[in-house]
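> model the structure of this input:
(2 chains)
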There are 2 protein chains.
Amino acid sequence: MDLPVQCIEQELAQFREALEVELRTQVPLADNVIHYFLDRRGKQLRPILTLLTAKMVAGQVSPATIQGAVSVELLHNASLMHDDVIDKSDERRGASTINHVWDNRVAVLMGDFFFARCLMCSNRIGSPAILQALCDMTSLLTEGELEQISNARSHLLSEKAYFSVITGKTASLFSACLRIGALSVGATEQQVQQLGEVGIKIGQIFQIRDDIFDYFPSTASVGKPTGHDIMEGKVTLPLLYALLNGPADESARMRELIMVNRDLSAEEVETLVNYAKQMGGIEYAQARMKNIAFEAKQMLQNFPSNDSRAALMNLVDFFIDRNG
Amino acid sequence: MDLPVQCIEQELAQFREALEVELRTQVPLADNVIHYFLDRRGKQLRPILTLLTAKMVAGQVSPATIQGAVSVELLHNASLMHDDVIDKSDERRGASTINHVWDNRVAVLMGDFFFARCLMCSNRIGSPAILQALCDMTSLLTEGELEQISNARSHLLSEKAYFSVITGKTASLFSACLRIGALSVGATEQQVQQLGEVGIKIGQIFQIRDDIFDYFPSTASVGKPTGHDIMEGKVTLPLLYALLNGPADESARMRELIMVNRDLSAEEVETLVNYAKQMGGIEYAQARMKNIAFEAKQMLQNFPSNDSRAALMNLVDFFIDRNG
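This next block holds a predicted model:
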């Protein structure tokens, strides 16, 4: 399934050129890493959301939209570089990670460098509101990750806690993408706020789908080992549903498994994955995604009907059905 | 030797209170790390420079000065947290590092969190020039670190390259501290520019002194193992001077030692440290510091003569003579 982005092809080309310009440096080592990175770009979902939102609202993007799209892409990749160091990942998007090709030192510094360039780029837009959106989101992003670690350690099991984590660590960035797109073309305050909520919903869908991958054999396009989250004590929606809704005695036994303060064995992970599946956790998570998608699309109905709005609605469905 | 900061004691108290406020969070794990951090604060040299500069220029600080001081302190500590992960350091300021007490994951995320809060804080000042100073500097900081790795790998030995590295990785932040202090009290463009240069010089002195520590047995107050830089192929000023000015044949032999693309052994490091000392590298580096200090103090003569200016001048000397 291809991303539905035909209606912003020209804008995407502008974005990619601006991204390259923004990453120029005189330092040869940094330049090597940047070229390696630019040759292996991902799906660029976040800048796509910014571009589509702006074009939906105003019929066209502005220079601020392009700069905003560059900023969110830089920020996202900065946090991926740090994630790969943290998770000791060798591979991402089917290619070796920066920490693997170079080392942790270079990967942490390049992440910081991308952060710095994100700031320079967003500062140049000259819109305090856009900058504010980026700053708030960066803080929420790291707090979301830290909250997830906290919850795993304290064995906090509730749907509210789960949604708080995925909103912080994933949905806040998606929300910023839409808000920045809207702000970049002078949307009204109400529009910005509504699109921010749509972004939260899109991000939640994206993360729930991502979490579901963890319950199935890994594929090259995702590259995540099955049960990786569970192994670390991170209880995501399918297992959470099973633990909260399964038979009390069996759920209690399963909870005890997670309560140990160490990485779980492959067998223990399999037991928990199977329990989540038997109790209908996958179906529940899919139903939740569809529900959230319905709400997001309902909210988008308030905006001008055009190709970009259709593309945004298609993206919502794409996020539910994606295989990688 | 105590830091000469009596004349800004009240402002420092305001700064420390504002720093605590800026770091508030609802995430318990983040909060624990922050309290651990706040209890083990360092010398807070960078915010001190911001406060002294503002008070020197205007006779008093402004709310923007306090926010600016908080921003530079947050940024500095963000990069320290990342440095400790990169260097796998267990100890800093005589206490266990965050990566040691918690783990790399928490340390990288907390570094990002501090970055994020730095941005939120500086954005709230509402001064594009202050924000610009912070953004530019963050980029220079990471580029300086990456340049040093590049130079070590390509065995680039020149004083110009050395000064380019220390200016990027250390002096750019000191420069931003003074510029932000000046900007926060409405200094003229010329004053901001001059103080930026003074900051570069203070930062260079600070880093040269730091580099000299590497040639002597480590003490608890610095905590850096002797020859750590050299072991990694990083040639700092004393050794650089020896290699560029020692007898051609001996220098060539020493260069060969560094050319190997692996960490050096303790014996090899000792050989190089001794060579640097024999050739007068330490004295040369000290003379360079004194020279730069003289220039910095000359430039400070252009500013109002008051307690804060005297304290800044004393700080310059303090940086040359400091033992930790």
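> can you say which helix or strand has the residue lying farthest from the centre of chain A in it?
Using CA atoms, centre = their mean, the residue of chain A lying farthest from its centre is A:D249. It sits 35.5 Å away. If you go by DSSP states H and E, A:D249 is part of helix A:248-259.
> do the same with A:P304
Element membership of A:P304, judged by DSSP H and E, is empty: it is in no helix or strand.
> contact partners for it?
A:P304 makes contact with A:56-57, A:59 under the criterion CB atoms under 8 Å, 6 or more residues apart in numbering or on different chains. From N, CA and C alone the C-beta is placed, and that goes for glycine too.
> kindly recompute the last result at 10 Å.
Counting by CB atoms under 10 Å, 6 or more residues apart in numbering or on different chains, A:P304 makes contact with A:55-59.
> the residue nearest to A:I98 when sequence neighbours are not counted: neighbour count?
Ranked by CB to CB, 6 or more residues apart in numbering or on different chains and with sequence neighbours excluded, the top spatial neighbour of A:I98 is A:A107, at 4.3 Å. For A:A107, the count of nearby residues is 25 (other CB atoms under 10 Å in any protein chain shown).
> thinking again about what came up before, from the contact counts, what lies against the helix holding A:D249?
Contact partners of helix A:248-259 among helices and strands, from 3 or more CB pairs under 10 Å, 6 or more residues apart in numbering or on different chains; DSSP states H and E: helix A:237-245, helix A:266-278.
> what's the angle from it to helix A:237-245?
130 degrees (axes from the mean of the first three to the mean of the last three CA atoms, to 10 degrees).
> would you mind listing the buried residues in helix A:248-259?
Buried residues in helix A:248-259, counting neighbours by 16 or more other CB atoms under 10 Å in any protein chain shown, are found at A:251, A:254, A:257-258.
> also stretch A:72-88?
By neighbour count, and taking 16+ other CB under 10 Å as the criterion, the buried residues in stretch A:72-88 are A:72-87.
> now it: average pLDDT?
When the per-residue pLDDT values of stretch A:72-88 are averaged, the result is 90.
> ditto for stretch A:249-265
If you average the pLDDT over stretch A:249-265, you get 87.
> next up, the contacts around A:G68.
A:15, A:47, A:50-51, A:53-54, A:61-62, A:121-122, A:125, A:127, A:130, A:133-134, A:176-177, A:179-185.
> let me know the closest of the buried residues of helix A:248-259 to chain B.
Nearest to chain B out of these is A:I258 (CB to the nearest CB; 17.9 Å).
> pretty sure that closest one sits against A:E268.
Yes - under the contact definition of CB atoms under 10 Å, A:I258 touches A:E268, with a separation of 8.7 Å.
> quick revisit: quick one: the helix holding A:D249 to helix A:266-278, angle?
Taking the same axes, to 10 degrees, one finds that helix A:248-259 is oriented at 140 degrees with respect to helix A:266-278.
> what sits against the residue nearest to A:I98?
Contacts for A:A107 were tallied using CB under 10 Å, 6+ apart; they are A:33, A:80-86, A:89, A:97-101, B:86.
> quick one: average pLDDT of the helix or strand harbouring it?
Element membership for A:A107 (DSSP H and E) is helix A:104-125. Helix A:104-125 shows a mean pLDDT of 90 in the predicted model.
> dump the C-alpha coordinates for it into PDB.
Included here for helix A:104-125 are C-alpha records, laid out as PDB according to Å, rounded to 0.1, in the frame of the first residue of the first chain:
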ATOM      1  CA  ASN A 104      27.500   5.600  20.100                       C
ATOM      2  CA  ARG A 105      29.600   8.800  20.400                       C
ATOM      3  CA  VAL A 106      28.900   9.800  16.800                       C
ATOM      4  CA  ALA A 107      25.200   8.800  17.100                       C
ATOM      5  CA  VAL A 108      24.500  10.700  20.300                       C
ATOM      6  CA  LEU A 109      26.300  13.800  18.900                       C
ATOM      7  CA  MET A 110      24.500  13.600  15.500                       C
ATOM      8  CA  GLY A 111      21.200  13.300  17.400                       C
ATOM      9  CA  ASP A 112      22.100  16.500  19.300                       C
ATOM     10  CA  PHE A 113      23.200  18.100  16.000                       C
ATOM     11  CA  PHE A 114      19.800  17.300  14.400                       C
ATOM     12  CA  PHE A 115      18.100  18.800  17.400                       C
ATOM     13  CA  ALA A 116      20.200  21.900  17.100                       C
ATOM     14  CA  ARG A 117      19.500  22.300  13.400                       C
ATOM     15  CA  CYS A 118      15.800  21.800  14.100                       C
ATOM     16  CA  LEU A 119      15.900  24.700  16.400                       C
ATOM     17  CA  MET A 120      17.800  26.900  14.000                       C
ATOM     18  CA  CYS A 121      15.300  26.100  11.300                       C
ATOM     19  CA  SER A 122      12.200  26.700  13.400                       C
ATOM     20  CA  ASN A 123      13.600  29.800  15.000                       C
ATOM     21  CA  ARG A 124      14.100  31.200  11.500                       C
ATOM     22  CA  ILE A 125      10.400  30.900  10.700                       C
END
